[in-house]
Every structure is written in structure tokens, then in C-alpha cells.
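A.B. asks: coords please:
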Amino acid sequence: MYAVIATGGKQYVVKEGQTLNVEKLDKEAGSSVELEVLMVADEGGKEVKVGTPNVSGAKVTAKVVEQGRAKKVRIVKYKPKSRYTRVNGHRQPFTKIQIEKIA
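C.D. replies: Presented below is the predicted three-dimensional model:
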């Protein structure tokens with residue numbers, strides 16, 4: 001069984017036991033979180049439930065594994081002939097979750 005969930009303005013196709021990095025959630029490591037379910041289907045694809053926008057009665061439960069920050073992305077601005085160079089960096093925060101149950 002797999003489902004399509006929405007969190008952090010993005011959509012993910014998930015299965016039970018899968019781990020993935022999503023946009024930062026305000027939960028501590030070890031806590032549980034329920035996610036919005038947009039679609040649920042069985043492995044063969046014979047039974048598919050599509051929500052408008054969410055599937056009523058469907059639930060995806062995930063466990064927060066850790067909070068972290070992604071690798072640094074360097075942003076460089078440069079203007080030739082004017083001695084202007086500016087280097088900046090950014091590390092996007094994320095939450096690693098593990099899908100426990102799709103119901």
C-alpha cells in the first residue's frame with residue numbers, strides 16, 4: 001500500500017517503513033505526527049482513493065527521527081570591472097521522518 005502525502009508545500013509518494021527528509025516540522029525527535037493524505041492506493045493499483053483535496057478517513061502516521069540541516073549551498077554575486085564580489089551561504093533545515101502506518 002502506498003499514499004501521496006502533503007507537507008511543507010510539497011507532495012511525496014510514501015510506503016510503510018520509508019524514511020524521507022521533509023521541510024522542517026516543529027516536533028521533537030521521537031514524537032509522532034499525522035500527515036495530510038491526498039491519495040491512497042494498494043500495491044496492484046486496483047483500489048485507488050483520491051481526495052478532494054484530502055481523503056476522508058485515511059491516515060498516515062510518521063515518527064520524527066531527527067531534526068537537521070542540509071549541506072551548505074553557496075551563493076556568489078559578481079560584477080566584472082567593478083571589484084564587487086559577494087559570497088553567501090545557506091543551510092536549509094529539514095526533518096527526517098519514518099512512515100510507520102498507512103491506514
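A.B. asks: most distant residue from the middle of this protein?
C.D. replies: What lies farthest from the middle of the chain is residue 81; by Cα atoms, centre = their mean that is 43.1 Å.
A.B. asks: what's the spacing between it and residue 88?
C.D. replies: Note on residue 81: its distance to residue 88, by Cβ to Cβ, to the nearest Å, is 22 Å. In short, each C-beta sits where N, CA and C put it, glycine included.
A.B. asks: Kindly report the same for residue 22.
C.D. replies: Taken as Cβ to Cβ, the span from residue 22 to residue 88 is 25 Å.
A.B. asks: swap in residue 76?
C.D. replies: In terms of Cβ to Cβ, residue 76 sits 8 Å off from residue 88.
A.B. asks: so which helix or strand takes in the most centrally placed residue in the chain?
C.D. replies: Centrality entry for the chain: nearest residue to the mean C-alpha point is residue 22, 2.5 Å, by Cα atoms, centre = their mean. Assessed by DSSP states H and E, residue 22 sits inside strand 19-23.
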